[in-house]
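S.K.: fold the following.
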Amino acid sequence: MTTFPKDNEIQGVIFSQLKSFPDQRGFFREVIRKTDPFFGPGSFAQWSHSKMTQGVVKAWHYHKQQTDWWYLGIGQIEVVLFDNREDSPSYKTKLVFRIGESDKYGSDTREVCFSIPPGVLHGCQVLSEEAHLFYITNQTYNPNDEGRYPYNDPIVSHTWCQDPITSERDTVRFEPK
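M.R.: From the prediction side, this is the model:
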């Protein structure tokens, strides 16, 4: 069983443990409110949904200015965060954890929403047959704000699944402008 990271193991990464209210119809779960301390006023700019299949690896992405808030509604993914900010007290700290449906995938999978601050490299690997990642950003998509390292770049020592499914964008390096 893995230990779930605590808030601020990487400076600026904050977890919000979610509560579900199940009944015979399914469940109700509140994910985020604009009044949540980790969200902040005026933070919402874009809401996105990424549907992924088993074996998909998306990594390493980061932003100069944008903050992301991730929530996995369906499935299970392994998330990897790496603090690549030289001025951060948590510089070079790596967090690995699983999010998704804990009732299906066990106690090492958490139902959370969490923030990814600018400069923190982030990636994920789909462990379930299918996964639906919902994320909010504090800025609308700007390709000039996004940077990437290849998913297998040695900047982060991490072993993904054998034969990962990636896009061409996850195999090249580019810096934000």
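
S.K.: give me phi/psi at the residue nearest to the spatial centre of the chain?
M.R.: Residue closest to the average C-alpha location in the chain (CA atoms, centre = their mean): Trp70, at 5.1 Å. With angles defined as degrees, to the nearest 10, Trp70 sits at phi -100, psi 140.

S.K.: what's near enough to touch it?
M.R.: Under the criterion of CB atoms under 8 Å, 6 or more residues apart in numbering, the neighbours of Trp70 are 79, 99, 113-114, 116, 133-135. Yep, even glycine has a C-beta here, placed from its N, CA and C like the rest.

S.K.: look up how far Glu129 lies from it.
M.R.: 20 Å (CB to CB, to the nearest Å).

S.K.: bridged to Lys15, which residues?
M.R.: Residue 15: Phe, not Lys. Beta-bridge pairing for Phe15 (DSSP bridges): Phe114.

S.K.: pretty sure it contacts Ile99?
M.R.: No - if you go by CB atoms under 8 Å, Phe15 and Ile99 don't touch, sitting 9.5 Å apart.

S.K.: of the two, who's got more company?
M.R.: Shown here are Phe15 and Ile99; by other CB atoms under 10 Å, Ile99 has more neighbours (26 against 19).

S.K.: contacts for the helix or strand that that one is a member of, please.
M.R.: Element membership for Ile99 (DSSP states H and E) is strand 94-100. For strand 94-100, contacts defined as CB under 8 Å, 6+ apart pick out 2, 4-5, 9-10, 13, 70-72, 74-83, 105, 108-112, 114, 127-128, 131, 156-158.

S.K.: one more pass at 7 Å, please.
M.R.: Residues outside strand 94-100 that contact it (CB atoms under 7 Å, 6 or more residues apart in numbering): 2, 4-5, 9-10, 72, 75-82, 108-110, 112, 128, 131, 156.

S.K.: same deal with stretch 71-88?
M.R.: So stretch 71-88 is in contact with 10-11, 13, 31, 59, 62, 90-101, 105, 109, 113, 116, 119-128, 130-134, 156, 158, going by CB under 7 Å, 6+ apart.

S.K.: same question, stretch 139-146
M.R.: Contacts of stretch 139-146 (CB under 7 Å, 6+ apart): 45-46, 61, 63-66, 176-177.

S.K.: closest to Asn152 among these?
M.R.: His61 (14.2 Å; CB to CB).

S.K.: give me the subset of the contacts of stretch 139-146 lying in helices.
M.R.: Among those, DSSP state H puts none in helices.
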